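# model the following, please.
(chains A and B)
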Amino acid sequence: MAIDTAPAPARPAEAPQGRRKGGGKPSSLLTVLTWILALGFFSPVIWMVLTSFKQESAAASSPPTFFFEPTLDQYRAVLGAGAGPYFLNSVIATGVSTVLVIILAVPASYALSIRPVKKTQDVLFFFISTKMLPVVAVIMPIYVIAGQLNMLDNIWTLVILYTAMNLPIAVWMMRSFFQEVPAEVLEAAQMDGAGLLKTLRSVLMPMVAPGLAATALICVIFAWNEFFFALNLTAAKAATVPVFLVSQMTSEGLFLAKLSAASVLASLPVVLAGWVAQKQLVRGLSMGAVK
Amino acid sequence: MATLVDSHNRRERARRADRGKERAEGWRRRGPLLPALIFTIIVTQLPFVFTLWYSLLNWNLLRPDGTEFVGLQNYVDIFADSTFRQAALNSVIYTVGCVFAAMVLGIIFALLLDREFRGRGLVRTLLITPFLIMPVASAVLWSVSMLNPSYGLVNWILSLFGIPAVDWTSSYPVLSVLMALVWQWTPFMMLLVLAGLQAQPRDVLEAAQMDGAGWWRTFTSITLPQLRRYIELGILLGAIYVVNTFDQIYIMTAGGPGTASANLPFYIYQRAFLGFDIGQAAAMGVVVVIATIIIATFALRLIFRSFDVKD
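Below you'll find the predicted structure:
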C-alpha cells in the first residue's frame, strides 16, 4: 500500500505524465469537449424522442418548444393507425431471413475455414462481390420475375431477398470466428469420424456461439432497416415498417409528433440490438476484417 | 508376366480407390458450402443476367406493342441523357462528400474516445446510435424536424446567431441529403478507426512517450501509419454502401427540385418504377455495376490484405 501511494509526492518529476493519464486539467477539458460533441451529435435523436411526446401544436412551433407536458397520445395514434401488421411483416421478414442466413452460412463458413485451399479465396471473393452488386441493377428482373411467379406483395419474397442480402456478410463474419477456433480442435473433431452435423453442434457451436449471436444481430439490423426492396415489391399486404413510416408521411400531411413517435417505434428494436451488440458491431460492419 | 500385369492392375485399382476417396473427401469438404453458394448464385447472379438482357431491349411497360431488340441503343441513349450524367455526378458528390466528411468526424470522435474517462461507454453508445436509427426514420427526422424552414431545429439555432431562415431541402437539396448521410455514416467510420487505435501496440506508444515524443509526433509517426489500413477500409466499404443511397433522397427531396439531387439509384428507380422504361433502367443498372466493380476491386484487395496480415 505504502509503495502504491508514495511515488507521487516522492518523485515530482513524473507529475506531468501522471497528469496526462489521470484526471488532471487538460484531460478533463478534453472529457468535457467529448461530452459536448457527443451530445451535439446525438441531439437529433433526443429531439426526435422529445417531439414524439408532444402534442402536434407544440411539435410544430416556432421557436421550438422545449418544455411541455409529455403525452403518449402520439404513440396511441400510431398504434391506432394500424402499425401492427407492418411490424408483424417486419418481424417475419427479419426473423425468418436471419434464421435462414445462419442455417446457410454456418456450414459454408465452416467449409471455408478448415484447411483453406486456393479456391477458398475465390469463393469468398464471389460472396463479397455479390454484396457489392448495387440492388438497383437487379430490381427490374426481380420485379418482373416476382410478378410472373405471383410473388409480388408477398412477405416470402422479402424473406428470400433479405437472406441473399445478408448471407455474404454472415459467411465472412462466421469464417472469421471459425478461424479463431484452434486448428487441432477442428482436426480432432474430424478424426473422430463424427458426422459433420454432430461435429458442428457439439464441438464447434459452443465455441463460436458469441460470434453466431453477433452475426445474427448484424443480419437483423440490415433486414429490419431495409427499404428499397420493401418499397418496390410490396403493397398493402406485405409492407414492412419503413414503408409504414413513409405512408405516414405522405398520406396524411405532416403530423410531426405522430411521425416522430412512429420513427421512434420503428427504430427502437435495432437501436436496442445495436447497443447490446456494440462490441461486435465493428466486426460485422467490416465483414470480419476488423476485430 | 502375369505377376507384372497383376501388380499393375492392383496399383491401378488402388490409385482409382484413392482418387475416389479423394473425390469423396473433396465433396465432403465442399458439400456444406454448396447450399449457400447455389442460393446466392440464383438470387443475386441470375437476375443480373436478365438485367443484361433487358438492357438490350426497347421495353416500356406502358406501351402495349411489347419488346424489341435494339442492341446497344439504350447505352447510347443514356450517355446522351443529361439527367443521367447529372445523376452520375451527384452519386460521386454524395459518395465522396459523405465518406470524406464522415471519415474526418469519425477520426476526431475516435481519438476523443480512445482515452480513459468518465462515461466513456455511454458516450460511445450515444455516438453509434445515428447508424442504428432506421435510415428512413433518420431521413424523416432530418427533412422535417431538423431542416424544416419554419419550425426546424437547425434554422432556430441559426436564428440565435441572426442568420435568416433557410429552406434547406429546396435551396440546398444535395447539402441537406449530405447532412443526413454524414450523420448516419460517421459512427461507422468512428468504429473502424477506434478499432485501429486500440489495435496499436501499447509498448511502442509507451516507448515513444519515454523517448519524449510529443502527442503530435507520436500521432503522425506511429498512430497514422497504423491507422492507414483502417482508414482505407472505412473509405472503401463506406463508398460501396453510400453509392447505393436511396432512402434519404426518396424521403428528403424525391430527387428534386427537378432532378437536381437525384443520384443513380434514385434515377434508375424513377425510370423503372415511375417511367416503366425497363430497357433504359436496366442499361443504367449495368453501367452502375461496372463502376462499382472498379471500386470493389480495390476494396476486395484491401480486405484480403487485412485478412492476410491477421492470419
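
# quick one: the strands in chain B?
In chain B, the strands defined using DSSP state E lie at B:57-58, B:68-69.

# who touches the residue nearest the centre of chain B in this structure?
Centroid-nearest residue in chain B, with C-alpha atoms, centre = their mean: B:Tyr241, separated by 1.7 Å. Under the criterion of C-beta atoms under 8 Å, 6 or more residues apart in numbering or on different chains, the neighbours of B:Tyr241 are B:Trp185. To be clear about C-beta, it is placed using only N, CA and C from the backbone, and glycine gets the same treatment.

# give me the residue from the stretch 151-300 of chain B nearest chain A.
Relative to chain A, the nearest point of the stretch 151-300 of chain B is B:Gly285 (3.5 Å; C-beta to the nearest C-beta).

# now do that residue against A:Asn154, distance only.
For B:Gly285, the distance to A:Asn154 (C-beta to C-beta, to the nearest Å) stands at 23 Å.

# between those two, which one's more packed in?
The neighbour comparison of B:Gly285 against A:Asn154 (other C-beta atoms under 10 Å in any protein chain shown) goes to B:Gly285, with 29 against 16.

# quick one: residues contacting B:Thr44.
When contacts are counted by C-beta under 8 Å, 6+ apart, B:Thr44 touches A:130, A:133, A:138, A:164.

# what sits closest to the last one if chain neighbours are left out?
Residue nearest to A:Ala164 in three dimensions, not counting chain neighbours: B:Val43, with 3.8 Å by C-beta to C-beta, 6 or more residues apart in numbering or on different chains.

# quick check: the one you found touching A:Tyr162?
No. Judged on C-beta atoms under 8 Å, B:Val43 makes no contact with A:Tyr162 at a distance of 10.2 Å.

# ok, how many other residues are close to A:Ser52?
So A:Ser52, with other C-beta under 10 Å, has 25 neighbours.

# hang on, I meant B:Met284
Count around B:Met284 with other C-beta under 10 Å applied: 29.

# count the neighbours of residue 234 for me.
By default, I'm working from chain A. 21.

# actually it's chain B I care about, not the one you picked
So B:Gly234, with other C-beta under 10 Å, has 28 neighbours.

# and it, how close does it get to B:Gly106?
From B:Gly234 to B:Gly106 the distance is 7 Å (C-beta to C-beta).

# shared neighbours, those two?
Common neighbours of B:Gly234 and B:Gly106 (C-beta under 8 Å, 6+ apart) are B:188-189, B:192-193.

# and the two most separated of the residues you listed?
B:Phe188 and B:Val193 (9.8 Å; C-beta to C-beta).

# okay, and for chain B, where does confidence drop off?
B:1-23, B:25-26, B:28, B:303-311 (pLDDT under 70).

# how's it carved up into domains?
For chain B, automatic domain parsing gives the domain ranges B:2-54, B:74-310.

# just name the most buried of those domains.
domain B:74-310 (a mean of 19; mean count of other C-beta atoms under 10 Å in any protein chain shown).

# low pLDDT regions in the stretch 1-150 of chain A?
A:1-26, A:115-118.

# so where do the helices sit in it?
Remark: helices assigned in the stretch 1-150 of chain A by DSSP state H, counting those that start in this stretch are A:2-5, A:7-10, A:15-21, A:25-52, A:56-59, A:73-80, A:83-113, A:118-131, A:139-148.

# quick revisit: distance of the residue nearest to the centre of chain B from A:Val135?
B:Tyr241 sits 11 Å away from A:Val135, taking C-beta to C-beta as the criterion.

# repeat that for A:Gly284.
Using C-beta to C-beta, we find A:Gly284 at a distance of 19 Å from A:Val135.

# which one of these two has more residues nearby?
A:Gly284 (26 against 22).

# the more buried one against A:Thr215, yeah?
Yes. Under the contact definition of C-beta under 8 Å, A:Gly284 touches A:Thr215, with a separation of 6.8 Å.

# mutual contacts of these two, please.
Residues touching both A:Gly284 and A:Thr215 by C-beta under 8 Å, 6+ apart: A:169, A:173.

# how about B:Gln200, nearest residue that isn't a chain neighbour?
With C-beta to C-beta, 6+ apart, the residue lying closest to B:Gln200 is B:Gln226, at 5.3 Å.

# now do the contacts for the one you found.
Contact partners of B:Gln226, counting by C-beta under 8 Å, 6+ apart, are B:196, B:199-200.

# look at the closest residue in space to A:Phe66 that isn't next to it in sequence and say how many residues are nearby.
With sequence-adjacent residues excluded and distances taken as C-beta to C-beta, 6+ apart, A:Phe66 is closest to A:Leu50, at 7.8 Å. The tally of other residues near A:Leu50 (other C-beta under 10 Å) stands at 20.

# same question, A:Ser61
For A:Ser61, the neighbour count with other C-beta under 10 Å is 15.

# does A:Leu265 really touch A:Val78, like I thought?
Yes. Applying C-beta under 8 Å as the test, A:Leu265 and A:Val78 come out as touching, 6.1 Å apart.

# of those two, who's got more company?
With neighbours defined as other C-beta under 10 Å, A:Leu265 and A:Val78 compare such that A:Val78 has more, 24 against 21.

# I'd assumed A:Ala257 was in contact with the more buried one.
No. Assessed by C-beta under 8 Å, A:Val78 is found out of contact with A:Ala257, at 10.0 Å.

# deepest in the core, which of the strands of chain B is it.
strand B:57-58 (a mean of 20).

# next, see if that strand gets close to chain A.
No. For strand B:57-58, no contact with chain A is found by C-beta under 8 Å from any C-beta of the partner chain; the gap never falls below 10.8 Å.

# just checking, what packs against that strand?
With contacts defined as 3 or more C-beta pairs under 8 Å, 6 or more residues apart in numbering or on different chains; DSSP states H and E, the packing partners of strand B:57-58 are strand B:68-69, helix B:73-80, helix B:278-310.

# in its sheet, what does it sit against?
Sheet pairing of strand B:57-58 (DSSP bridges) gives strand B:68-69 (antiparallel).

# now tell me what touches the strand it pairs with from outside.
B:56-59.

# just these now: which is nearest B:Leu37?
Distance ranking of the contacts of strand B:68-69 against B:Leu37, using C-beta to C-beta, places B:Leu56 first at 28.2 Å.

# wait, the closest one sits on B:Gly71?
Yes. Counting by C-beta under 8 Å, B:Gly71 is a contact partner of B:Leu56 at 6.0 Å.

# so which of those two has more stuff around it?
Ranked by neighbour count (other C-beta under 10 Å), B:Leu56 and B:Gly71 place B:Leu56 first, with 19 against 10.
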